[in-house]
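Novice: Predicted coordinates and the sequence they were generated for:
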Amino acid sequence: MKRKVLPAVFILLAALIPGMTVFAEPEDGTVSTEENQNIGYTGPIDIITGEPVNSSGEAPDQQLVSIAAGVTYDRKQDRYIYAVEDANILCSVADGMVVTGSVTLSKDGEMNLAVFKDGENMSDIPSEIEDPGNYVVVVKAENTETQLLSFQIVNSITGKLTKYLLPNGFQVRSVYYNGENISHPEGAVDFANEGKYEVRYYCTANSQEYKLEVEIDHTPPAVSFLGLDEDNEARGPVTIVGIEKTDTVSITYEEEERVTLDEDNQVSETGSYHAVVTDQAGNFVEKDFRILLYLNFNAAMFIIAIILVIIGLAVALIVARKRLRVR
């Protein structure tokens, strides 16, 4: 019986050893820092060395980690590297990421690089991109354009996010909504409800942790335009009411000239207008309207004065002619 049990025990131990982490205690009774870093680790380990590895099978301290075809991550530089023939693009974010901070972008080698912000080609490509928007990085060759990566920068208070589909190879670790831990799918976060979110997620290939903290506001500015009729026409000044201190107002006059509101938040000159009021979250209200012939008090007095001058000149001419006839 004993001979039959012993082989079974060895088989059981052989099956358990790859999932076990064994630490050798030094002679002085202390635990080394290197060993202490692995305490509590529950992920996969290397069968030979016993060291933790990530899901890609690479050791966590390896400098270059393969992310996808043509894409690696450099731990030392903390950059994602996108290979293009004999050149590389180095970026602080991965393809498809959403961030609230700046993004660094550089190239190693010669290439015709173009960056589009919200669909428009940026004439100058800064090494650090800060302005909110949707960005696409493109490499141009003869008769071809290759998109390498895209990313989005949003304000910490934003209405630009309704859903965050994480980049390929990234998973959500936790989502807090207004301070409460909520359930979530592994590869997406829903931002339909307004409130404060804290999203923690990680790249399964390099084990890098990321955090996105945003306050979602989908409500447009509560402004109204006084003085307009049902056809959006006015026969007097138009006043915009409800503007907040954090709102921005952009008004185009006659499709080309930029004008500003006066101290009463009014425009009064005759003509066509296009007004856009945007809040700090990026939500906006826009209005097209037209002010028909309108004379304010000063303009009316000026015209009356001109008419009186003309009448005075006419009377003077008539009197002068009568005098000439009498003579």
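Specialist: Yes, it's here. Numbering: from 1, shown residues only.
Novice: measure residue 265 to residue 247 for me?
Specialist: Counting by Cβ to Cβ, to the nearest Å, the gap from residue 265 to residue 247 is 11 Å. Glycine gets a C-beta too; all of them are placed from N, C-alpha and C.
Novice: How confident was the prediction at residue 126?
Specialist: According to the per-residue confidence, residue 126 scores 86 in pLDDT.
Novice: Share the number of residues neighbouring it, please.
Specialist: Other residues lying near residue 126 total 13 when counted by other Cβ atoms under 10 Å.
Novice: if I look at it, how far off is residue 66?
Specialist: Computed as Cβ to Cβ, the residue 126 to residue 66 distance reads 29 Å.
Novice: try residue 271
Specialist: Shown here: residue 271 relative to residue 66, a distance of 60 Å by Cβ to Cβ.
Novice: repeat for residue 110
Specialist: Residue 110 is 25 Å from residue 66, by Cβ to Cβ.
Novice: Between these two, tell me which one has more neighbours.
Specialist: Comparing residue 110 with residue 66 by other Cβ under 10 Å, the one with more neighbours is residue 66, at 15 against 9.
Novice: Quick check: mean pLDDT of the one helix or strand the more buried one maps to?
Specialist: Assignment of secondary structure by DSSP states H and E places residue 66 within strand 64-68. Strand 64-68 comes out with an average pLDDT of 92.
Novice: List the strands paired with that strand, with their directions.
Specialist: strand 71-74 (antiparallel) (DSSP bridges).
Novice: Now the partner strand: buried residues?
Specialist: Using 16 or more other Cβ atoms under 10 Å as the burial criterion, the residues of strand 71-74 that qualify are 71-73.
Novice: same thing with stretch 160-171?
Specialist: Along stretch 160-171, the positions that meet the burial threshold by neighbour count (16+ other Cβ under 10 Å) are 160-161, 164, 166-167, 169-170.
Novice: got it, and stretch 243-257?
Specialist: Neighbour count says stretch 243-257 has 243, 247, 251, 253 buried, by 16+ other Cβ under 10 Å.
Novice: One more: stretch 131-140?
Specialist: For stretch 131-140, burial by neighbour count (16+ other Cβ under 10 Å) applies to 132-133, 135-139.
Novice: Give me the contacts around stretch 273-282.
Specialist: Stretch 273-282 is touched from outside by 132, 154-155, 157-160, 215-218, 220-221, 223, 225, 238, 240, 243-244, 246-253, 255, 259, 267, 284-291, with contacts defined as Cβ atoms under 8 Å, 6 or more residues apart in numbering.
Novice: Report the mean confidence score over it.
Specialist: Stretch 273-282 shows a mean pLDDT of 97.
Novice: Pull the distance from that stretch to the chain's centre.
Specialist: Between the mean C-alpha point of stretch 273-282 and the mean C-alpha point of its chain there is a distance of 17 Å (Cα atoms, centre = their mean, to the nearest Å).
Novice: Dump it to PDB, restricted to CA.
Specialist: Taking C-alpha atoms only, stretch 273-282 is exported to PDB below (Å, rounded to 0.1, in the frame of the first residue of the first chain):
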ATOM      1  CA  TYR A 273     -25.100  86.800 -35.600                       C
ATOM      2  CA  HIS A 274     -23.900  83.400 -34.600                       C
ATOM      3  CA  ALA A 275     -23.400  83.000 -30.800                       C
ATOM      4  CA  VAL A 276     -21.900  80.000 -28.900                       C
ATOM      5  CA  VAL A 277     -21.900  79.800 -25.100                       C
ATOM      6  CA  THR A 278     -19.700  77.000 -23.800                       C
ATOM      7  CA  ASP A 279     -19.300  75.900 -20.200                       C
ATOM      8  CA  GLN A 280     -16.200  74.500 -18.500                       C
ATOM      9  CA  ALA A 281     -17.300  70.900 -19.200                       C
ATOM     10  CA  GLY A 282     -17.400  71.600 -23.000                       C
END
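Novice: For residue 291, which residues are in contact?
Specialist: Contacts here follow Cβ under 8 Å, 6+ apart; on that basis residue 291 touches 233-238, 267-271, 273.
Novice: just the residues you listed now: which is nearest residue 143?
Specialist: Set against residue 143, the nearest of the contacts of residue 291 by Cβ to Cβ is residue 273 (43.9 Å).
Novice: can you list the domain ranges for the protein.
Specialist: Domains of the chain are assigned by automatic domain parsing as 1-52, 64-216, 224-291.
Novice: so what's the backbone phi/psi at residue 319?
Specialist: In this entry, residue 319 is assigned phi and psi values of phi -60, psi -40 (degrees, to the nearest 10).
Novice: contact partners of the one helix or strand residue 80 maps to?
Specialist: Taking DSSP H and E as the definition, one finds residue 80 inside strand 79-84. Residues lying outside strand 79-84 but in contact with it, judged by Cβ under 8 Å, 6+ apart, are 67, 70-74, 88-95, 104, 109, 111, 137, 139, 146, 148-149.
Novice: if you set the cut-off to 6 Å instead, what comes out?
Specialist: 70-74, 88-91, 94, 111, 139, 148 (Cβ atoms under 6 Å, 6 or more residues apart in numbering).
Novice: Check stretch 149-157 too.
Specialist: With Cβ under 6 Å, 6+ apart as the test, stretch 149-157 has contacts from 93, 95, 97-100, 132, 134-137, 160, 215, 217, 280-281.
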